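Q: sequence and predicted structure, then a few things I'm wondering about:
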Amino acid sequence: MNKTSKNKLIYSVLMLACIAGFWLFENFYTPDTYSQQTENGPTTSVASNLIPGSTTGDIVEHSHYMLSYNEPFEQAEWVAYTLKKEHLTNDDRKRPYFIEDPKVRTKSADWRNYKGSGYDRGHLCPAGDRRFTEQAYNETFYTSNISPQDREFNAGIWNELEMQVRIWAKQHGEIFVITAGVLEEGLDEIGQEDVDVPRYYYKIVARGNGDDLKILAFLMEGKQSSKPLKRFVVSVHEVEKRTGIDFFQKISKQQQDQLEAKVDTGSWKFKF
């Protein structure tokens, strides 16, 4: 073998090795967990009396939010978190990898299911609500906290609702949020793990406590819209009917019936 042929062979082998290495990285590499390694780190508590019921029993608690995972749909049926005024910082955070949630018993969907699907990896607990520490920010990049969303919807009316919630947190000091896609039969699916694509998304916000508890629910089709947010307000009963979830099961039956049946936009100031 002459020198030129030998060099070509070495070059070809190196190229194949690089291609194989890149493929292995893309398909099998997963970074370390973002969860705290000790129980002594800072946390954000979630009001225990406002936690929804779980239709699956697969409830996961992270340091700054919690969720109920629904394995057949490969995403959370709800994500719940508290948003405080002091959480809303402009800290610059390096965007981490999306990784599987190590606390989900059945493993959450791999982020690669979303590649080439045409859908965004839509955060449920927004990364923008968790900039106050690196730990809190990184936790939002577990795949248990994302759902396939139309890009224009994610960057449009859904983003406006997230910004409105931040405004309410600044106005009232603290807001409790429950959110996810509506998981129902007959949805389109993406990826090798058949991640379902919700047709509708909901968000429920609450503030106050006891007799002063105020609740507002939104139900949106996963498409961009120019309508004002008030047009998407529904009763909590409507969201419960669509999802099969009992959202405020720990408050009294009388208060549930009173709060969940009505639509009270008068207690909330809208910007969008």
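A: On my side now, so go ahead. Numbers count the residues shown, from 1 in each chain.
Q: could you look up the SS state of the residue nearest to K269 when sequence neighbours are not counted?
A: Spatial nearest neighbour of K269, chain neighbours left out: Q171 (7.0 Å); criterion: C-beta to C-beta, 6 or more residues apart in numbering. Any C-beta I mention is one placed from the backbone N, CA and C, and that applies to glycine too. Look at Q171: counting by DSSP: H, G, I helix; E, B strand; the rest coil, its state is helix.
Q: run a quick neighbour tally on Q171.
A: Using other C-beta atoms under 10 Å, Q171 has 12 other residues around it.
Q: excluding chain neighbours, give the residue nearest to the one residue sitting closest to the centre of the chain in space.
A: Nearest to the mean C-alpha position of the chain, counting by C-alpha atoms, centre = their mean, stands L124 at 1.9 Å. Spatially, and ignoring its direct neighbours in sequence, L124 is nearest to V79 (4.0 Å; C-beta to C-beta, 6+ apart).
Q: check that neighbour and give its pLDDT.
A: Reported pLDDT at V79 in the predicted model: 98.
Q: let the chain start at 648 from now.
A: Right, with 648 as the first residue, what we last looked at is V726.
Q: next, the contact list for it, please.
A: Residues near V726 by C-beta atoms under 8 Å, 6 or more residues apart in numbering: 712-714, 771-772, 792, 825-827.
Q: from these, which is closest to F745?
A: Of all the contacts of V726, F745 sits closest to N792, with 9.1 Å by C-beta to C-beta.
Q: S872 versus that closest one, what's the distance?
A: When distance is defined by C-beta to C-beta, to the nearest Å, N792 is 24 Å away from S872.
Q: K732 contacts I814, doesn't it?
A: No - between K732 and I814 there is no contact under C-beta atoms under 8 Å: 10.5 Å.
Q: so A783 lies in a helix, does it not?
A: Yes - applying three-state DSSP, one finds A783 inside a helix.
Q: so how far is K750 from it?
A: Counting by C-beta to C-beta - A783 and K750 are separated by 16 Å.
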